[in-house]
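1. with the input below, show me the fold.
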Amino acid sequence: MPSKKSMLAISFWWALALQPAVAADACGGEVPCELEEGTYYALLPDDAETVPPVGAVFYLHGYRGKALNAVRNASFKKLANDLNVVFVAVQGINGTWSFPTAPQSLRDENVFFDAVLDDVEDRFHIDREKTLLTGFSSGGFMTWYLACDDADRFAGYAPIAGAFWKPLPEECPTEAPYLFHVHGTSDTVVPLEGRPLGGGKYHQGDVFKSFDVWLQQLGLTDDKPMTYDDGSLSCERWSPETGLLELCLHDGGHNVRAEWMERAWHELGKLKGWS
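-> Next comes the predicted model:
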């Protein structure tokens, strides 16, 4: 365990490091951090100047959502304090995300999120190995596709009420992610089986078939998952050689809770060895 003297030194270094970043760009809280490809908001823990955040939770809003509303959310503010992380709310263009099967392609999201990660690391000095990407609804769709593109982009992924769209990818060009999915069995906005949109031109994918993309790729289709209950969640978990796939269901509808993000963070920390 670090000595009290070394902890004070770390805190002093963090305070010095944080001041130029904030002063130079005046970004944080309800003031957006501006990048060439887009914007994000960063909510720091209350004690960030004396106790360096251990990592970051990145949140993607739903369709037509606003990242600003996320940093104003009391439960997300509590999450940042309870976990001692930077809560990063990323803004989609026109409130939408440009995943491969989306109705519009307004931005190369893979390039953008690499830039967001670099910028958050540079500004707030977070540990790149302690990051969680979570998203709700349309933000959950985007989370699945970012995990499919490069599982190592974030340390873990926690999509809520959103998976792949049709046509589902045949496979993903990466190893399995650490993915913790939460979904409501009574969700009618993004049902577990998916639903058509735009007069049938577009179609949300089936959550179970989205998991099958990974299970087939990993040769786990015949493996029985570990099943267990965690509070109101009924979960199934597959453990490939690398990564982890988990589906947790609740009996509610289309909603998001900070506690599901916090749970994913703690589970990820156990698996990664830093919790």
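2. so Glu175 touches Thr242, yeah?
-> Yes: counting by Cβ atoms under 8 Å, Glu175 does reach Thr242; the two are 5.2 Å apart. From N, CA and C alone the C-beta is placed, and that goes for glycine too.
3. which residues of this structure score low on pLDDT?
-> Across the chain, the ranges flagged by pLDDT under 70 are 1-25.
4. surely Trp260 is within a helix?
-> Yes: when DSSP: H, G, I helix; E, B strand; the rest coil is applied, Trp260 is found to be in a helix.
5. so what's it up against?
-> 158, 160, 182, 233, 248 (Cβ atoms under 8 Å, 6 or more residues apart in numbering).
6. let's have those residues in a markdown table, adding distance to Asn73.
-> Shown next, in a markdown table, are the contacts of Trp260 (distance: Cβ to Cβ, whole Å):
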| residue | distance to Asn73 |
| --- | --- |
| Ala158 | 16 |
| Ile160 | 14 |
| Val182 | 17 |
| Leu233 | 21 |
| Cys248 | 22 |
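7. looking at the residues you listed, which is nearest Glu36?
-> Nearest to Glu36, judged by Cβ to Cβ, of the contacts of Trp260 is Ala158 at 27.6 Å.
8. quick one: the closest one from Leu106, how far?
-> For Ala158, the distance to Leu106 equals 24 Å [Cβ to Cβ, to the nearest Å].
9. tell me which of the two has more neighbours.
-> The residue with more neighbours, out of Ala158 and Leu106, is Ala158; 31 against 13, by other Cβ atoms under 10 Å.
10. so what's that one bridging to?
-> Per DSSP bridges, the residues bridged to Ala158 are Thr134.
11. my guess is it contacts His183. True?
-> No: counting by Cβ under 8 Å, Ala158 stays clear of His183, with 11.7 Å between them.
12. buried residues, stretch 208-217. List them.
-> Buried residues in stretch 208-217, defined by neighbour count with 16 or more other Cβ atoms under 10 Å: 210-211, 213-215, 217.
13. now stretch 215-229
-> Of the residues in stretch 215-229, those buried (16+ other Cβ under 10 Å) are 215, 217-218, 220, 225.
14. contacting residues for Val57?
-> Val57 neighbours (Cβ under 8 Å, 6+ apart): 79-80, 83, 85-88, 131-132, 134, 261, 265.
15. going by distance to Phe164, which of those residues wins?
-> Among the contacts of Val57, and counting by Cβ to Cβ, the member closest to Phe164 is Thr134, at 16.6 Å.
16. what about that closest one, how many residues nearby?
-> 25.
17. any idea how far His61 is from it?
-> 11 Å.
18. and for Val31?
-> 18 Å.
19. these two: which is more packed in?
-> The neighbour comparison of Val31 against His61 (other Cβ under 10 Å) goes to His61, with 25 against 14.
20. any idea which element the residue lying closest to Gly198 once chain neighbours are set aside lies in?
-> Leaving aside its chain neighbours, Gly198 sits nearest to Pro103 (6.5 Å; criterion: Cβ to Cβ, 6 or more residues apart in numbering). Under DSSP states H and E, no helix or strand contains Pro103.
21. number of residues surrounding Pro103?
-> If you count neighbours by other Cβ under 10 Å, Pro103 ends up with 11.
22. so who does it touch?
-> Taking Cβ under 8 Å, 6+ apart, one finds 96, 197-198, 201-202 in contact with Pro103.
23. ends of stretch 199-215, how far apart?
-> For stretch 199-215, the first and last residues are 31 Å from each other (Cα to Cα, to the nearest Å).
24. got the contact list for it?
-> 101, 103, 141, 144, 148, 163-166, 168-172, 176, 179, 181, 183, 190-197, 220-221, 223, 238, 245, 247.
25. change it to 7 Å
-> The contact list for stretch 199-215, computed with Cβ atoms under 7 Å, 6 or more residues apart in numbering, reads 103, 144, 163-166, 168-169, 171-172, 176, 183, 190, 192-197, 221, 238, 245, 247.
26. that's all I had, so thanks and see you.
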